[in-house]
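*Asks:* how would this look folded up:
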Amino acid sequence: MQDLEIVDSWFPADLLPPAHWERHYPPRGLPPQGLVTRFAPSPTGAVHLGGLYVATLARDLAHRSGGVYLVRVEDTDKEREVAGAAEEFARVFRYFGLEPDEGGPGDPWGPYRQSEREAVYLSYVRELAREQRAYPCFCSAERLEDNAREQRRSRSPLGYYGKWARCRSLSARDAGRRIAAGEPYTVRLRCPVGLPGRVRFRDLVRGPLTMLDNGNDTVLLKSADTDGRRLPTYHLAHVVDDHLMRVNLVVRGEEWISSLPLHRQVHRALGFRPPEYAHIAPLMKLDGAGRRKLSKRRDPESAAWFYAAAGYPAAAVGHYLRGLANSRLAGLPTAGALAEPLRLAEMGTAGPMVDLARLRSLSREYIASLTPEEALRQLAAWASRHDSGLHAGLRDRPDTALAAFEMARRGTGTPRKDLACWSEFRAAYGFFFPGLHVVADRPDDPRFGGLPGPVVAVLASELAADYRHEGPPDDWFAVVRAVAGRHGFAPDARTFRTAPGAYRGSVRDVADVLRVCLTGSRRSPDLFQVAQVLGRREVLRRLTVLAPAGDVSPAGRGGRGRPG
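*Replies:* Numbers count the residues shown, from 1 in each chain. Prediction:
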């Protein structure tokens, strides 16, 4: 009894017992097959694409079973925490449609930030200490490094065990005196005595696993921080939280497999039934002739926000990630891939290869499948955060934006697939908006493809003077053919030079002068449709920028001789 009083003195006097938390977080009223899954990021940097991959799996598995998917921020490592990282998590989840069913203030199994659950963890640590399943450790960082050096010298396994577990045999009274004197300490799990044996687990991705059991007295509770808080390590915190939040399936990266024996020991020490685990292979990338893990430091595409900032539609990214998990989904249309369930049994143990070209192809297909109205809605939502100039153009000229998307569905009816992400809209269709269009105001502009400047100026002038806005398309294009014929451009010849200063070309060259003036590029959607959307006044404004001295009248053209 005296030892219990000493142990209790190490903790706040008003600390509640574990039984309180068991009542506070009761079992969930879910169907028997209902899964409770979680995504548990640490705010130590940007969300990795692999995090989206895990969250996609966890959310789908929970929802298909009639269960619950939650997000819990594991922020007990305050030294490595990055300011604003947790807020970025919320933005990423929102953009990619991975918002949790729980995770907000007031949700019944919260709070969902581990730094706000200190009292919960302390209750369970005190219980372990009372039962002599955990003990205070006063070893300094220097002492632990001395241990490691000696272990390396003697070729012993690294860790805190056996003769190197110097604080394990301290009595409660001795530990109490040192704590009362203000000596810093951690709390360690008291590992079972003896050499660790082999333990068996069943992983839902990898099947049966046999591993060496944990033989280390691992730290469960860190020393007090500068604010006096005592926060747990991941090993204790996630075990307690998964138990109280009633998580029964943990989807996480394969790097945690080595910690599985320890985590099962912590479950046993606390009397908890462990959840099932699914350890998934990491996302990979080709690197020369080999392959490696997708790296936060080396690969910009490893950050989830890379895809949001570029404007890859969330549905297309979701489709792509689901195809990495279950290859049968990769070739389906996006709507079908999103509707199909994900299955852990279909996941491999080799990391799937991230291929941006494949994502871009899926994304083009998806954007091309949208109605103009839905495409405009998604584009505007993206531009409101990432491209203020484009957003202003869409706001002021929504009909123009709709016409740009409609243009893809005229003629053959085959949608154009020229956009893989929303950030490409400005380059592909920004010319429709006067505020975004970069005017070709010099006849020697390289966008004219090397056509001599004097030739460009005269052609632009005559195209403006003879311009007829009305269709049909063949009649409208007759002006281009007439100007080309008047100056000796061949109907179908490719552009070439016969000698320095001597230039010959085709009708296509003349059309490209018109195209560059109207769109800023020699590649564009159908030119007649572009002109109809721009309107006669805007077409003439863009052409006359290059007219000699601004004169586009027939008299001002200086005759009909071939230019240049």
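
*Asks:* from here on, contacts and neighbour counts on C-alpha atoms
*Replies:* Will do.

*Asks:* the residue most central in space within the chain and Ser65, how far apart?
*Replies:* The chain has Ala304 as the residue nearest its centroid, 1.8 Å off, counting by C-alpha atoms, centre = their mean. Ala304 sits 27 Å away from Ser65 when distances are taken as C-alpha to C-alpha, to the nearest Å.

*Asks:* what do you get for Leu16?
*Replies:* From Leu16 to Ser65 the distance is 34 Å (C-alpha to C-alpha).

*Asks:* sorry, back to before: just give the closest residue to the residue nearest to the centre of the chain, not the sequence neighbours.
*Replies:* Leu49 (4.7 Å; C-alpha to C-alpha, 6 or more residues apart in numbering).

*Asks:* and if you look at His391?
*Replies:* Closest residue to His391 apart from its sequence neighbours, by C-alpha to C-alpha, 6+ apart: Ala383 at 5.0 Å.

*Asks:* wait, that neighbour touches Arg395, no?
*Replies:* No. Using C-alpha atoms under 8 Å, Ala383 is not in contact with Arg395; the gap is 10.3 Å.

*Asks:* hmm, back to that, tell me the pLDDT of the residue nearest to Ala304.
*Replies:* Note on Leu49: pLDDT of 95.

*Asks:* how about the one 5 residues further on?
*Replies:* Note for Val54: predicted pLDDT of 96.

*Asks:* just Ala46 next, same as before
*Replies:* Model confidence at Ala46 (pLDDT) stands at 83.

*Asks:* surely it touches Ala303?
*Replies:* Yes. Here Ala46 reaches Ala303: they are 6.3 Å apart, a contact under C-alpha under 8 Å.

*Asks:* and for the two, which residues touch both?
*Replies:* By C-alpha atoms under 8 Å, 6 or more residues apart in numbering, Ala46 and Ala303 have no common neighbours.

*Asks:* that older thread, and Ala383 and Arg395? which has more neighbours close in?
*Replies:* Ala383 (22 against 13; other C-alpha atoms under 10 Å).

*Asks:* distance of that one from Gly311?
*Replies:* 9 Å.

*Asks:* got it, and Ala303?
*Replies:* 13 Å.

*Asks:* in the stretch 401-550 of the chain, what spans have low per-residue confidence?
*Replies:* 408-415, 492-504, 547-550 (pLDDT under 70).

*Asks:* tally of neighbours for the closest residue to Ala403 other than its chain neighbours?
*Replies:* Using C-alpha to C-alpha, 6+ apart and skipping the chain neighbours, the partner closest in space to Ala403 is Val533 (6.8 Å). Val533: 18 surrounding residues under other C-alpha under 10 Å.

*Asks:* buried stuff in the strand or helix carrying Val533?
*Replies:* Secondary structure assignment for Val533, by DSSP states H and E: helix 527-534. Neighbour counts using 16 or more other C-alpha atoms under 10 Å place 527-531, 533-534 of helix 527-534 among the buried residues.

*Asks:* and what of stretch 81-94?
*Replies:* 85-86, 88-89, 91-93.

*Asks:* tell me the mean pLDDT for it?
*Replies:* 86.

*Asks:* kindly report the same for stretch 327-345.
*Replies:* 96.

*Asks:* what confidence value was assigned to the nearest residue to Arg113 once chain neighbours are set aside?
*Replies:* The spatially closest residue to Arg113, leaving aside those adjacent along the chain, is Val73, at 4.7 Å (C-alpha to C-alpha, 6+ apart). We have a pLDDT of 92 for Val73.

*Asks:* distance from stretch 394-412 to the middle of the chain?
*Replies:* 29 Å (C-alpha atoms, centre = their mean, to the nearest Å).

*Asks:* in contact with the nearest residue to Arg230 once chain neighbours are set aside, which residues?
*Replies:* Counting by C-alpha to C-alpha, 6+ apart, Arg230 lies nearest to Ala224, which is 4.6 Å off, once chain neighbours are set aside. By C-alpha under 8 Å, 6+ apart, the contact list for Ala224 reads 184-185, 230-231.

*Asks:* quick revisit: and the next helix or strand after the helix holding Val533 with helix 527-534, angle?
*Replies:* Where DSSP H and E defines the elements, the next helix or strand beyond helix 527-534 is helix 536-544. Here helix 536-544 points in a direction 120 degrees away from that of helix 527-534 (axes from the mean of the first three to the mean of the last three C-alpha atoms, to 10 degrees).

*Asks:* helix 536-544 - contacts with which helices or strands?
*Replies:* When contacts are defined as 3 or more C-alpha pairs under 8 Å, 6 or more residues apart in numbering; DSSP states H and E, helix 536-544 packs onto helix 453-465, helix 507-519.

*Asks:* just say which of those is most tucked in.
*Replies:* Ranked by mean neighbour count, the helices and strands packed on helix 536-544 are led by helix 507-519 with a mean of 24 (mean count of other C-alpha atoms under 10 Å).

*Asks:* can you tell me the SS state at the nearest residue to Ala330 once chain neighbours are set aside?
*Replies:* Excluding the flanking residues, the one nearest Ala330 by C-alpha to C-alpha, 6+ apart is Gly323, at 4.1 Å. When classified by DSSP: H, G, I helix; E, B strand; the rest coil, Gly323 comes out as helix.

*Asks:* how many residues are close by Gly323?
*Replies:* For Gly323, the neighbour count with other C-alpha under 10 Å is 19.

*Asks:* that one touches Thr334, doesn't it?
*Replies:* No. When contacts are counted by C-alpha under 8 Å, Gly323 is not listed as touching Thr334 (10.1 Å).

*Asks:* returning to that earlier point: ok, the residue nearest to Ala403 - contacts?
*Replies:* Taking C-alpha under 8 Å, 6+ apart, one finds 400, 403-404, 432 in contact with Val533.

*Asks:* next: Glu183.
*Replies:* Contact analysis of Glu183 by C-alpha under 8 Å, 6+ apart lists Phe138.

*Asks:* may I have the secondary structure class of it?
*Replies:* Applying three-state DSSP: Glu183 is coil.

*Asks:* what separates it from Ser169, distance-wise?
*Replies:* Counting by C-alpha to C-alpha - Glu183 and Ser169 are separated by 17 Å.

*Asks:* next: Arg200.
*Replies:* Taken as C-alpha to C-alpha, the span from Arg200 to Ser169 is 30 Å.

*Asks:* same question, Phe96
*Replies:* With C-alpha to C-alpha as the criterion, Phe96 and Ser169 are 52 Å apart.

*Asks:* who has more neighbours, the two?
*Replies:* Applying other C-alpha under 10 Å to Phe96 and Ser169 shows that Phe96 carries more neighbours, namely 21 against 10.

*Asks:* give the contact list for the more buried one.
*Replies:* With C-alpha under 8 Å, 6+ apart, Phe96 has these contacts: 314-315, 317-318.

*Asks:* which residues does the helix or strand hosting Ile179 contact?
*Replies:* Assigning secondary structure by DSSP H and E places Ile179 in helix 172-180. With contact meaning C-alpha under 8 Å, 6+ apart, helix 172-180 is reached by 3, 6-7, 9-10, 136, 185.

*Asks:* count of neighbours near Cys257?
*Replies:* Rather than Cys, residue 257 is Ile. 18.

*Asks:* Thr544 and Glu462 touch, don't they?
*Replies:* No. Thr544 sits out of contact with Glu462 when judged by C-alpha under 8 Å, with a separation of 9.5 Å.

*Asks:* of the contacts of helix 172-180, which pair is most distant in space?
*Replies:* Within the contacts of helix 172-180, Asp3 and Tyr185 form the most distant pair, 18.1 Å apart (C-alpha to C-alpha).

*Asks:* quick one: the residue nearest to Ala403 from Glu99, how far?
*Replies:* Separation of Val533 from Glu99 (C-alpha to C-alpha) stands at 39 Å.
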